[in-house]
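**Student:** Build me a structure from this.
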Amino acid sequence: MQADVQGLMRGELGSWLSEQSEMRDKASKKAFDRWFYGGIALLPVFAFLWYLPFGLFDIKLFAAGAAVVGVAAWGYKPIQEAKQTIKVGINTAIARDLGIEYDPEVEPGVEFHQAKKYGLVPKYDRDEFEDCWYGELGGNSFNLYEAHLEERRGSGKNRRWVTVFRGAIISLPFGREFRSTTLLQRKGKHKKWFGLGGVKDEITIDGHRMQYVDQVHPQFENTFEVFSDDQIEARVLIHPSYIEHLIALEKAFHGKSIRALFVDQHLVLVVESDNMFESGSMKAEEDNAKAQETADQFAALARLMLAINQNGRGRVEAINHAPQHPGITEYAREATPRRAGGFGRKGL
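**Tutor:** Now for the predicted structure:
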């Protein structure tokens, strides 16, 4: 379950990356030219602002700052586009080597709406989704993508966008049947008395009542809280080895605050992390290391992601077999349309 990056770099991916040198050089030159001529164009703007009345200092400062940010963004755009092209090429090659699919663009599907409904992600005003990996590994289907959620805060000139969540949304068809809806949240999410008391005895989400499941596994009571509409089944689903896999998955992401939802025969996982799978670079000498980093991130994720699933008899699956032929479930298909193409935007 590890992509052969060195083999890819010796083959068509390496050849394709070599062909991108001219594209990278053109993007760098274009960015420099935009910054240079943009800076010259700003000089008369600054001169005009300088002679405005002193009482308008705040307006002058805001206008100057906005102009600089605008030119900086305009100049950086060619570099951003070049890095995105390289990233898509590398990530597509890694996915193809594993027999799965990669799409840089994604529309959130059922799993995200369930995560939002049950409070696995915070409230937000603006969202962005990217880097979808989907298909089958080891005969197990999955769907994974990154979400970036922001909230508008402040007022007047202090209004700003603040990131409230960045991380992965993961969907897995669960390996054993269950009828309940069970929510695994971080401790302290649902407290009595406006957050000042202990954990609530029950919660109601969109008319769905769920009760607190106490002492599922006392050794994890300082980290997680469980709510379910079937306490007996919740205790079967969430056992010590499962929780250990969740914590290991969190570490593989270098992330925090992993939480989970068992619903409609699927397991939805949400884990906060830094921006992952960023294999694009403007320096050709970094291609190998960037590709290997992304491959390692996904390999660690895939092993743990599949290990936390269970087979029909309720045992944790052993992840020591090779990937089978690629595929995608209807559940994953709801989240991401399949896209055609080669390693990069122009293919190979």
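**Student:** State the number of residues packed around residue 200.
**Tutor:** 17 (other C-beta atoms under 10 Å). Heads up, the C-betas are built off the backbone N, CA and C, glycines and all.
**Student:** give the contact list for it.
**Tutor:** 190-192, 212 (C-beta atoms under 8 Å, 6 or more residues apart in numbering).
**Student:** how about a cut-off of 6 Å?
**Tutor:** 190, 192 (C-beta atoms under 6 Å, 6 or more residues apart in numbering).
**Student:** again with the one 3 residues further on
**Tutor:** Shown in contact with residue 203 (C-beta under 6 Å, 6+ apart): 190, 210, 227.
**Student:** Show me which of the residues you listed are buried.
**Tutor:** 190, 210, 227 (16 or more other C-beta atoms under 10 Å).
**Student:** how close does the residue nearest to the first one when sequence neighbours are not counted sit to residue 95?
**Tutor:** Counting by C-beta to C-beta, 6 or more residues apart in numbering, residue 200 is the residue found nearest to residue 190 once chain neighbours are left out, at 4.7 Å. With distances defined as C-beta to C-beta, to the nearest Å, the gap from residue 200 to residue 95 amounts to 42 Å.
**Student:** One more: residue 39?
**Tutor:** 41 Å.
**Student:** More neighbours: those two, which one.
**Tutor:** Using other C-beta under 10 Å, the more surrounded residue of residue 39 and residue 95 is residue 95, with 20 against 13.
**Student:** Nearest to residue 7 among the contacts of residue 203?
**Tutor:** residue 227 (46.7 Å; C-beta to C-beta).
**Student:** Can you tell me the SS state at that closest one?
**Tutor:** Assigned by DSSP: H, G, I helix; E, B strand; the rest coil, the conformation of residue 227 is strand.
**Student:** wait, doesn't it sit right on residue 208?
**Tutor:** No: between residue 227 and residue 208 there is no contact under C-beta atoms under 6 Å: 10.1 Å.
**Student:** Identify the residues contacting residue 237.
**Tutor:** Residue 237 makes contacts with 182, 262, as judged by C-beta under 6 Å, 6+ apart.
**Student:** And the helices in the stretch 51-200 of the chain, which stretches?
**Tutor:** 57-98, 110-117 (DSSP state H, counting those that start in this stretch).
**Student:** Can you flag the weakest of these by average pLDDT?
**Tutor:** The stretch with the lowest mean pLDDT among the helices of the stretch 51-200 of the chain is helix 57-98, at a mean of 84.
**Student:** shaky segments in the chain?
**Tutor:** Per-residue confidence for the chain (pLDDT under 70) gives these ranges: 1, 49, 52-60, 193-197, 215-219, 253, 255, 304-348.
**Student:** center of it - which residue?
**Tutor:** residue 146 (1.9 Å; C-alpha atoms, centre = their mean).
**Student:** picking up where we left off before, just send the contacts of residue 203 back as a markdown table, with distance to residue 8 too.
**Tutor:** Output for the contacts of residue 203, formatted as a markdown table (distance: C-beta to C-beta, whole Å):
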| residue | distance to residue 8 |
| --- | --- |
| 190 | 46 |
| 210 | 46 |
| 227 | 45 |
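**Student:** which one among these gets closest to residue 102?
**Tutor:** residue 227 (34.6 Å).
**Student:** so who does the closest one touch?
**Tutor:** Here residue 227 is in contact with 183, 203, 210, 212 (C-beta under 6 Å, 6+ apart).
**Student:** go with 7 Å
**Tutor:** Residue 227 makes contact with 183, 203, 210-213 under the criterion C-beta atoms under 7 Å, 6 or more residues apart in numbering.
**Student:** same check, this time on residue 161
**Tutor:** Neighbours of residue 161 in contact, by C-beta under 7 Å, 6+ apart: 126, 150, 152.
**Student:** Quick check: the first one vs residue 165, distance?
**Tutor:** In other words, residue 126. According to C-beta to C-beta, residue 126 and residue 165 sit 11 Å apart.
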